[in-house]
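**Student:** I need the structure of the sequence given here:
(chains A, B and C)
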Amino acid sequence: MKNKSIISLKDISKDELMYLMKRAKEVKEGKYGNFLEGKIISSLFFEPSTRTRLSFHSAVKRAGGDIIGFASAGSSSTKKGESLGDTIKTVSGYCDLIVMRHHVEGAARRASDVTDLPIINAGDGANQHPTQTFLDIFTMLEKKENLDGLNIGLMGDLKYSRTIHSLLVALSFFGVRLYFISPEALAIPERYTDYLDDINVEYEVYKDFKECGKDLDFLYCTRIQKERFYDPVEYESVAGSYIIDKEGLSYLDEETYIMHPLPRVDEIAVEVDEDQRAIYFEQAHNGVPVRQALIGLLLGIIK
Amino acid sequence: MKNKSIISLKDISKDELMYLMKRAKEVKEGKYGNFLEGKIISSLFFEPSTRTRLSFHSAVKRAGGDIIGFASAGSSSTKKGESLGDTIKTVSGYCDLIVMRHHVEGAARRASDVTDLPIINAGDGANQHPTQTFLDIFTMLEKKENLDGLNIGLMGDLKYSRTIHSLLVALSFFGVRLYFISPEALAIPERYTDYLDDINVEYEVYKDFKECGKDLDFLYCTRIQKERFYDPVEYESVAGSYIIDKEGLSYLDEETYIMHPLPRVDEIAVEVDEDQRAIYFEQAHNGVPVRQALIGLLLGIIK
Amino acid sequence: MKNKSIISLKDISKDELMYLMKRAKEVKEGKYGNFLEGKIISSLFFEPSTRTRLSFHSAVKRAGGDIIGFASAGSSSTKKGESLGDTIKTVSGYCDLIVMRHHVEGAARRASDVTDLPIINAGDGANQHPTQTFLDIFTMLEKKENLDGLNIGLMGDLKYSRTIHSLLVALSFFGVRLYFISPEALAIPERYTDYLDDINVEYEVYKDFKECGKDLDFLYCTRIQKERFYDPVEYESVAGSYIIDKEGLSYLDEETYIMHPLPRVDEIAVEVDEDQRAIYFEQAHNGVPVRQALIGLLLGIIK
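**Tutor:** Numbering: from 1, shown residues only, chains lettered A, B, ... in the order given. This is a model prediction of the structure:
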């Protein structure tokens, strides 16, 4: 994977994904030490983010590397009308690898076209955010050594969530059965079910997680934005079917792990945090070793 | 003090304060070297600050540690509606200790409730900013080895200044005599004089520092905000009693040290800066060793 | 140059400039290693900038040093009404050298008056930005070992561009011939031609680079802001004479290097980037070793 850019899940094969997972596990176990010593990573967040930005920063610094960059477009030269291409070409002379988030779909791909440095897409609009998927899969693999044969629920906004679409592609590498749980207005788009049909991945469709919760190994939740509904009353009428609180927990199996890309608003009640099945913070924290391993591989330091 | 959070002065006993002061002195003398090597401190400034933020950053980096974080809420996920608790739980997986400033009173306490990492409150609204008090006391101890028996003037906005209230509590640990110098509208609140009465700390009340300046070992100044007065004319009529300029200096003793938490606006004239009694920049710079020592103690690196 | 502040080109003699160039070349060749280890540089950008800020950060971190600071005045105490002098005095206790950009002309000079630390002016309003000139000269010296006898074109907004004015002063140290290429409304001010007359530097004046392109060793382009023209139609009528595209390249010599301080908007077409004469990104990247050498010299680490 040396010198590759990671813009979308399509940039990575199943073999590469498994390779990354293996290395991430080693990184988490402390095998590589300060392997980023002397390396500078640019962290270009044209669009703000705490979680992803700090996770990358922690990843780099915990491995002995350093960061330059900006946390919002307001502190960047784009205000002066500079093109993204020129910003990337310039910054390429200052660092060894670029992590970027941009509000425009395709921005990261465009960036990778103008530089020889590896680019990691940390989110481009509603499009792609591949390292989120890597840490999601890593977290699942930590809990269940093998994903083959597992039942995995994807719940919430299945229509618009890039996290869900990206995760679905990665999960399709494995012999899983998917459970799509959403209101009809936010159902999984046909192009994804067609894709799953093509490659013979099995899936079921539900309107309430309580109907299938006992079958699930993982329930991956996402937020439903009220604004997606024409009629707020309609939203209120269905919201309860996608909110996990203490009572909702009883509809899950004792080993159904609950995941969430965060930030959450109210789709998982705070009272659930203490339940041993709630692993969304653990999941977030796995961003550090996964991103470390990815950077190490792209720089050719980790083989 | 290992693993403690420092949210308010109430979190620290006199013994602990003196212990911190002793260690801070050793840190300033260079005893501990790069003791923060390999440590990552989160610097979460939901509310902007130059002085405090850069002082913490210098403290961490001078001791070989590193920083992740943000300088304003605008670059953070709270914009997406994330709760403070979730931000703290997430960031806890990225670092070893959290320094935070927040505009909401009680925010730091709330943060310390959801994480096992030590939290240092770098200001929560009008409430608490304990490390300011630590560096204030440290600076006094540098000038006078023992605070017992000293006369200490607290001047300016004694009603609203969190710096004053916090310092007053710390000073009450010692056998000092306090001189409260303020316009009536900004007098020290009764709950503080009641407290001092209870623990037998002596104090006097003045309307003009010129009346007691010769008696003081330290004169600690704070800013009076014009907006605190209903009538601006009233403000103008008293302002001169709380402004130190070259002429005002003659009303102080030759050994009355002048302190200020900074930033100042016009309560101390720039012409005073060169006077040897003006120690407010020295005081600000002491923030570095004091914060280094505190972090070292909370992380259990300094014993 | 130890402990000097670099506010304007006037702070540096030809000998010092050549000394800096020599050291920068050695830095670029890797001679000095991590010579900034243990040093903290304050990066105070009261006015935003990507290029310059990240270039300095890369310079410091690539040499093992560290950075504290802010990327915009919004995150600084100036919002609370603190004077620049007080900010500088405070920050001086946190670091070893200060790099600053400020929108007010003269701000950097004012800053250097209140601190003993070296200050590097990274731009004060329309006034000075000396390290841009240093990297410009460095880049020219990389291409042509000796500037004596060269023909150097300065094109675009010769009236308002601080980059041009600063570069002109530096070039006047050498035996160059200058070619001023601009619309009449943006001609080089008389005070500069008077200065060149005084010191016997030869120059010619053109309205279109196509008339002199074949004679040039370097063509240094800057942006013409439409707003400088009372009549937009007039702008459109002349713009083509100052835009380099593939066709425009044919009017240059095969060895005419094209430079630009960046960011560009449309004065150099993207199609030109691949031409071997286009060296503006190389030029930007030279900011790193030049700034490293400068910091090393001012701190007395590089002799």
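**Student:** Tell me which residues touch the residue lying closest to A:Glu47 once chain neighbours are set aside, please.
**Tutor:** The shortest distance from A:Glu47 to any non-neighbouring residue, by Cβ to Cβ, 6 or more residues apart in numbering or on different chains, is to A:His103 (4.6 Å). No exception for glycine: its C-beta is placed from N, CA and C like everyone else's. Contacts for A:His103 (Cβ atoms under 8 Å, 6 or more residues apart in numbering or on different chains) come out as A:Phe46, A:Glu47, A:Asp124, A:Gly125.
**Student:** just those residues: which has the poorest pLDDT?
**Tutor:** Least confident of the contacts of A:His103 in the model: A:Gly125, at 82.
**Student:** ok, and the closest non-adjacent residue to the closest residue to chain B within chain A?
**Tutor:** Closest approach between chain A and chain B, counting by Cβ to the nearest Cβ: A:His285, at 3.0 Å. Nearest in space to A:His285, with sequence neighbours left out and distances taken as Cβ to Cβ, 6+ apart, is B:Gly93 at 3.0 Å.
**Student:** Mind jotting down where the helices sit in the stretch 101-250 of chain A?
**Tutor:** Along the stretch 101-250 of chain A, counting by DSSP state H, counting those that start in this stretch, helices occupy A:107-113, A:130-143, A:162-171, A:190-198, A:232-239, A:246-249.
**Student:** buried set for the lowest-mean-pLDDT helix or strand in chain A?
**Tutor:** Least confident helix or strand of chain A, by mean pLDDT, DSSP states H and E, is helix A:232-239 with a mean of 78. Residues A:Tyr235, A:Val238 are the ones in helix A:232-239 that count as buried (16 or more other Cβ atoms under 10 Å in any protein chain shown).
**Student:** do the same with stretch A:192-202
**Tutor:** A:Tyr192, A:Thr193, A:Leu196, A:Val201.
**Student:** want to throw the residues you listed into TSV with pLDDT and distance to chain C?
**Tutor:** Below are the buried residues of stretch A:192-202 laid out as TSV (pLDDT from 0 to 100; distance: Cβ to the nearest Cβ, whole Å):
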residue	pLDDT	distance to chain C
A:Tyr192	95	37
A:Thr193	96	41
A:Leu196	96	41
A:Val201	96	43
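**Student:** CA-only coordinates of stretch A:49-59 in PDB, if you can.
**Tutor:** In PDB, the C-alpha atoms belonging to stretch A:49-59 read as follows (Å, rounded to 0.1, in the frame of the first residue of the first chain):
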ATOM      1  CA  SER A  49     -14.300  18.200  13.000                       C
ATOM      2  CA  THR A  50     -13.300  17.300  16.500                       C
ATOM      3  CA  ARG A  51     -13.400  13.600  16.600                       C
ATOM      4  CA  THR A  52     -11.700  12.800  13.400                       C
ATOM      5  CA  ARG A  53      -9.200  15.600  13.600                       C
ATOM      6  CA  LEU A  54      -8.100  14.800  17.100                       C
ATOM      7  CA  SER A  55      -8.100  11.100  16.400                       C
ATOM      8  CA  PHE A  56      -5.600  11.600  13.600                       C
ATOM      9  CA  HIS A  57      -3.500  14.000  15.700                       C
ATOM     10  CA  SER A  58      -3.400  11.600  18.500                       C
ATOM     11  CA  ALA A  59      -2.500   8.800  16.100                       C
END
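**Student:** what about it, near chain C?
**Tutor:** No - counting by Cβ under 8 Å from any Cβ of the partner chain, no contacts exist between stretch A:49-59 and chain C, the nearest distance being 13.3 Å.
**Student:** Contact residues of chain A facing chain B?
**Tutor:** Counting by Cβ under 8 Å from any Cβ, chain A sits next to chain B at A:45, A:48-51, A:53-55, A:57-58, A:61-62, A:71-72, A:262-265, A:270, A:273, A:281-282, A:284-285, A:288.
**Student:** What's the PyMOL line that selects buried ones from those?
**Tutor:** Remark: buried members of the residues of chain A next to chain B, expressed as a PyMOL selection using 16+ other Cβ under 10 Å:
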select buried, chain A and resi 45+48+49+50+51+53+54+55+57+58+61+62+71+72+262+263+264+281+284+285+288
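**Student:** Mind checking which of the residues of chain A next to chain B are in strands?
**Tutor:** A:Phe45 (DSSP state E).
**Student:** Flag the shaky bits of the stretch 51-200 of chain A, pLDDT-wise.
**Tutor:** A:75-81 (pLDDT under 70).
**Student:** ok, now which ones touch the residue lying closest to A:Asp96 once chain neighbours are set aside?
**Tutor:** Take A:Asp96 and drop its neighbours on the chain: the residue closest to it by Cβ to Cβ, 6+ apart is A:Lys39, 4.8 Å away. Contacts for A:Lys39 (Cβ under 8 Å, 6+ apart) come out as A:Val60, A:Gly65, A:Asp66, A:Asp96, A:Leu97, A:Leu299, A:Ile301.
**Student:** any idea how far chain C is from A:Leu298?
**Tutor:** For A:Leu298, the distance to chain C (Cβ to the nearest Cβ, to the nearest Å) stands at 19 Å.
**Student:** quick one, phi psi at the nearest residue to that residue once chain neighbours are set aside?
**Tutor:** Using Cβ to Cβ, 6+ apart and skipping residues adjacent in sequence, the residue nearest A:Leu298 is A:Pro118, 4.0 Å away. Phi and psi for A:Pro118, reported as degrees, to the nearest 10, are phi -70, psi 140.
**Student:** what number of residues lie near A:Pro118?
**Tutor:** Counted with other Cβ atoms under 10 Å in any protein chain shown, the neighbours of A:Pro118 add up to 23.
**Student:** Hmm, it is touching A:Leu297, no?
**Tutor:** No - using Cβ atoms under 8 Å, A:Pro118 makes no contact with A:Leu297, being 9.3 Å away.
**Student:** Identify the residue spatially nearest to whatever residue of the stretch 101-250 of chain A ends up closest to chain C, adjacent ones excluded.
**Tutor:** Relative to chain C, the nearest point of the stretch 101-250 of chain A is A:Val114 (8.7 Å; Cβ to the nearest Cβ). In space, and not counting its chain neighbours, A:Val114 is closest to A:Gly85: 4.6 Å by Cβ to Cβ, 6+ apart.
**Student:** does that neighbour sit in a helix, a strand or a coil?
**Tutor:** Assigned with DSSP: H, G, I helix; E, B strand; the rest coil, A:Gly85 falls in the helix class.
**Student:** Show the contacting residues for it.
**Tutor:** Counted by Cβ under 8 Å, 6+ apart, A:Gly85 has contacts A:Arg110, A:Ala111, A:Asp113, A:Val114, C:Val270.
**Student:** A:Leu17: which of those residues is nearest?
**Tutor:** A:Ala111 (22.4 Å; Cβ to Cβ).
**Student:** Contact partners for the residue nearest to the closest one when sequence neighbours are not counted?
**Tutor:** Spatially, and ignoring its direct neighbours in sequence, A:Ala111 is nearest to A:Ile88 (4.5 Å; Cβ to Cβ, 6+ apart). By Cβ under 8 Å, 6+ apart, the contact list for A:Ile88 reads A:Ile98, A:Ala111, A:Val114, A:Thr115, A:Ile119.
**Student:** In JSON lines: the residues you listed, plus neighbour count.
**Tutor:** Formatted as JSON lines, the contacts of A:Ile88 follow (neighbours: other Cβ atoms under 10 Å in any protein chain shown):
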{"residue": "A:Ile98", "neighbour count": "26"}
{"residue": "A:Ala111", "neighbour count": "26"}
{"residue": "A:Val114", "neighbour count": "18"}
{"residue": "A:Thr115", "neighbour count": "17"}
{"residue": "A:Ile119", "neighbour count": "26"}
